[in-house]
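Colleague: For reference, the sequence and a predicted model appear below.
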Amino acid sequence: MLLTNEISSQLLVIIDIENDYHPKGDCTMERFLGDLKPGERACVEHIKGGGALRRRMMDMGIVPGVELEVVRCAPWGGPLQVRLKGYYLAMRRGECAKIIVTDSYQEPIERLLASC
């Protein structure tokens, strides 16, 4: 069975949409807290899901706009140690997979040391 050019182009568009293709290029892919490496900082943009998990995250201080930093990652899919608002928090990978973050500005360490 042969596909016409019109049908094949429509199929490609559907496949691209399912793979988060954004033709305008102004949209960025979602990045989750669990994707960050130790030392990286990010701002919380959104918490996926709802109910008890979302409430628990917000009770711990993980709210949209807060900046956090991944301090350490346990091996073999273990928890992440995160620093936010002056305290440390250990979080399961499953919880981190529900927190959407955006990159935050990081000052170079030389500038921070020079201001001391």
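Modeller: Received it, and whenever you're ready, just let me know what you need.
Colleague: Val71 and Tyr87 touch, don't they?
Modeller: No: using C-beta atoms under 8 Å, Val71 is not in contact with Tyr87; the gap is 11.2 Å. (Glycine included, C-beta is placed from N, CA and C.)
Colleague: and these two? which has more neighbours close in?
Modeller: Val71 (14 against 9; other C-beta atoms under 10 Å).
Colleague: so that one sits in a strand?
Modeller: Yes: when DSSP: H, G, I helix; E, B strand; the rest coil is applied, Val71 is found to be in a strand.
Colleague: other SSEs contacting the one helix or strand Ala42 maps to?
Modeller: Here Ala42, judged by DSSP states H and E, is contained in strand 41-47. Counting contacts by 3 or more C-beta pairs under 8 Å, 6 or more residues apart in numbering; DSSP states H and E, strand 41-47 packs against helix 51-59, strand 67-73, strand 99-103.
Colleague: Give me the below-cutoff pLDDT ranges for this protein.
Modeller: 1-29, 105-116 (pLDDT under 70).
Colleague: ok, 50 please
Modeller: 1, 11-27, 108-110 (pLDDT under 50).
Colleague: Pairing partners for the spatially closest residue to Glu30 that is not a sequence neighbour in the sheet, please.
Modeller: Distance criterion C-beta to C-beta, 6 or more residues apart in numbering; nearest residue to Glu30, sequence neighbours excluded, is Ile100 at 5.2 Å. Beta bridges link Ile100 to Phe32, His46, judged by DSSP bridges.
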